[in-house]
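>>> sharing a model prediction with you, sequence too.
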Amino acid sequence: HRNRPNSEALYKQALEHIVGGVNSPSRSYKAVGGGAPVFMKRAEGAYFWDVDDNRYIDYLAAYGPIITGHAHPHITEAIVRAASNGTLYGTPTELEITLARMLKEAIPSMDKVRFVNSGTEAVMTTIRVARAYTKRNKIIKFAGCYHGHSDLVLVAAGSGPSTLGIPDSAGIPTSIAHEVITVPFNDLTALEQALERWGSDTAAVMVEPIVGNFGMVMPHEGFLEGLCKLTRDAGALVIYDEVISAFRFHYGSSQTFSAFPDHAAIEPDLTALGKIIGGGLPIGAYGGRREIMEQVAPLGPAYQAGTMAGNPASISAGIACLEVLREPGIYDRMDALAGKLAAGLTDAASQHGIPLTINKIRGSFSAHFCDHLVTNYEEAQDTDGERFGHFFRLMLDQGINLAPSKYEAWFLTTAHTEADIDQTIEAARVAMAALK
Ligand code: PMP
């Protein structure tokens, strides 16, 4: 695994033609010391093969969507069937109704659904719809939560709990960032202060109900209940970004997750979806209360459209993926494997006195190289990035593929086996010994 000449060569070519050599910055190895990312050529089940014929056990799962493992036969078959019937019609199909029904059954707060092509689009549109419905402009979000790369949500916190946002990217006008207020996750007091100051201008509070973007982080008991109450008291809408969390922990979203601290009390007005619901093909969806969704064209004044939206291949892959996930015992099995792996990692780290904080939620977990709990972005930032970078490479060189980011979760899939977990723990023991 240490020898990857073909990846090196392809990276050189990619750099000539594709900006930064990658089509999403998260794929670059910039955060883990740089160099050529591994170029994969094939994936099946829990495994990847790179262009140098090395095999890897995969815990990236393409940043979440690949929960059934790569090239799952049921999904592949659905995609092939869809492709051979024509890839794009520009007309409605029955398939769209089927997936919309499945989503509504699993996430009852969604009276109406609309399909788009990515999580970014789904989130972006929920904001437009919330603004159309409330006739207000401001958005409150939480530090460290990622909601895609659209202007409004790529905004970081200003210098105090109740300050206007600053752009997180070049190319975002300050005037737009000023429509966004960023507060710490799990901090109801900060939210209350922000709403006191900006509440009457606030269209929506946007949150990842279970955070997946600075580690896997559960809301404190009462946080979402308080968030919903404060937000509604201010006349604003609650938007859940469940692009990562829906169908990740059980068949449904965090809104119906029994392990959730106060799941019964919380229903958002709008929900954004993506990733798993497309079975590995591009997809996004959003939905919510009927009268809010009726703001959307052609019924209402909020415009949203898409040439590729609801395309038969993505929708078919999504239906097939959810069908696999409906099989009994699927989530318990991923949970058990994640538990074994998390215990193995904890043990390996503690043997060498390396601080490691694991946040496990069912079949996925984050592993922060730090010595305290991680409940918000500030705490997550204490993660030792340099150490993670070394760990990442030591694991890669032993055939274990993780996300090249100190925050990203490890995702188990239905394809991982006990033997994969054993091999991964063994690799982690070697890596931790070397780190020390
Ligand atoms: N919301 C969340 C919570 C996400 O994690 C992501 C992607 N990581 C997005 C939105 C954006 O989705 P996409 O990459 O499909 O645009």
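Received it, and whenever you're ready, just let me know what you need.
>>> identify each buried residue in stretch 425-436, please.
By neighbour count on 16 or more other CB atoms under 10 Å, the buried set for stretch 425-436 is 425, 427-429, 431-432, 435. Where C-beta positions appear, they are placed from N, C-alpha and C, glycine not excepted.
>>> so which of the residues you listed comes closest to H178?
L435 (43.3 Å; CB to CB).
>>> so that closest one makes contact with H390?
Yes - L435 is within contact range of H390, at 5.8 Å (criterion: CB atoms under 8 Å).
>>> tell me the contacts of the closest residue to the ligand within the stretch 251-400 of the chain?
Using CB to the nearest ligand atom, G274 is the residue of the stretch 251-400 of the chain that sits closest to the ligand, at 4.5 Å. If you count contacts by CB atoms under 8 Å, 6 or more residues apart in numbering, G274 has them with 118-119, 122, 243, 283-285.
>>> which ones among the residues you listed map onto helices?
119, 122 (DSSP state H).
>>> look up the pLDDT of the residue of the chain at minimum distance from the ligand for me, please.
Nearest residue of the chain to the ligand: G119, at 2.3 Å (CB to the nearest ligand atom). pLDDT, G119: 98.
>>> any idea of the pLDDT on F185?
For F185, pLDDT reads 96.
>>> quick one, what contacts it?
Counted by CB under 8 Å, 6+ apart, F185 has contacts 142-145, 207, 211, 217, 219, 375-377.
>>> can you list the residues of this structure near the ligand?
Within the chain, the positions adjacent to the ligand are 63, 118-120, 123, 146-148, 208, 212-213, 241, 243-244, 274 by CB under 6 Å from any ligand atom.
>>> run the last query once more with 8 Å
Within the chain, the positions near the ligand by CB under 8 Å from any ligand atom are 24, 26, 63-64, 118-123, 145-149, 208, 212-213, 241-245, 272, 274-275, 282, 284.
>>> hey, where'd the strands end up in the stretch 101-250 of the chain?
112-116, 138-142, 155-156, 166-167, 180-183, 202-207, 237-241 (DSSP state E, counting those that start in this stretch).
>>> can you give me the helices for the stretch 301-436 of the chain?
With DSSP state H, counting those that start in this stretch, the ranges of helices along the stretch 301-436 of the chain come out as 312-325, 330-351, 377-380, 385-396, 418-435.
>>> just send the ones you listed back as JSON lines, with mean pLDDT and distance to M40 too.
Below are those laid out as JSON lines (pLDDT from 0 to 100; distance: least, CB to CB, whole Å):
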{"stretch": "helix 312-325", "mean pLDDT": "98", "distance to M40": "19"}
{"stretch": "helix 330-351", "mean pLDDT": "98", "distance to M40": "22"}
{"stretch": "helix 377-380", "mean pLDDT": "95", "distance to M40": "28"}
{"stretch": "helix 385-396", "mean pLDDT": "97", "distance to M40": "12"}
{"stretch": "helix 418-435", "mean pLDDT": "98", "distance to M40": "17"}
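>>> of the ones you listed, which is nearest L237?
With CB to CB as the measure, helix 377-380 is the member of the helices of the stretch 301-436 of the chain nearest L237 (23.2 Å).
>>> now A204. Nearest residue, chain neighbours left out?
Nearest residue to A204 in three dimensions, chain neighbours excluded: A130, at 3.9 Å (CB to CB, 6 or more residues apart in numbering).
>>> name whatever forms a beta bridge with the residue of the stretch 251-400 of the chain closest to the ligand.
G284 (DSSP bridges).
>>> look up how far V116 lies from it.
8 Å (CB to CB, to the nearest Å).
>>> how about the nearest residue to the residue nearest the centre of the chain, chain neighbours excluded?
Residue closest to the mean C-alpha point of the chain, counted by CA atoms, centre = their mean, is I244 at 3.2 Å. Of all residues not flanking I244 in the chain, G212 sits nearest, at 3.6 Å (CB to CB, 6+ apart).
>>> ok, that neighbour touching D241?
No - checked against CB under 8 Å, the pair G212 and D241 is beyond contact range at 9.3 Å.
>>> so for those two, which residue has more residues nearby?
The neighbour count for G212 versus D241, taken as other CB atoms under 10 Å, is higher for D241 (32 against 26).
>>> give the bridge partners for the more buried one, please.
Residues in beta-bridge contact with D241 (DSSP bridges): A272.
>>> show me the contacts for it.
D241 neighbours (CB under 8 Å, 6+ apart): 119, 123, 145, 147, 206-208, 272.
>>> may I see these organised as JSON lines, with neighbour count added?
Converted to JSON lines, these look like this (neighbours: other CB atoms under 10 Å):
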{"residue": "G119", "neighbour count": "30"}
{"residue": "V123", "neighbour count": "27"}
{"residue": "C145", "neighbour count": "19"}
{"residue": "H147", "neighbour count": "27"}
{"residue": "M206", "neighbour count": "26"}
{"residue": "V207", "neighbour count": "26"}
{"residue": "E208", "neighbour count": "25"}
{"residue": "A272", "neighbour count": "30"}
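>>> what is the nearest of those to T68?
Among the contacts of D241, and counting by CB to CB, the member closest to T68 is G119, at 18.6 Å.
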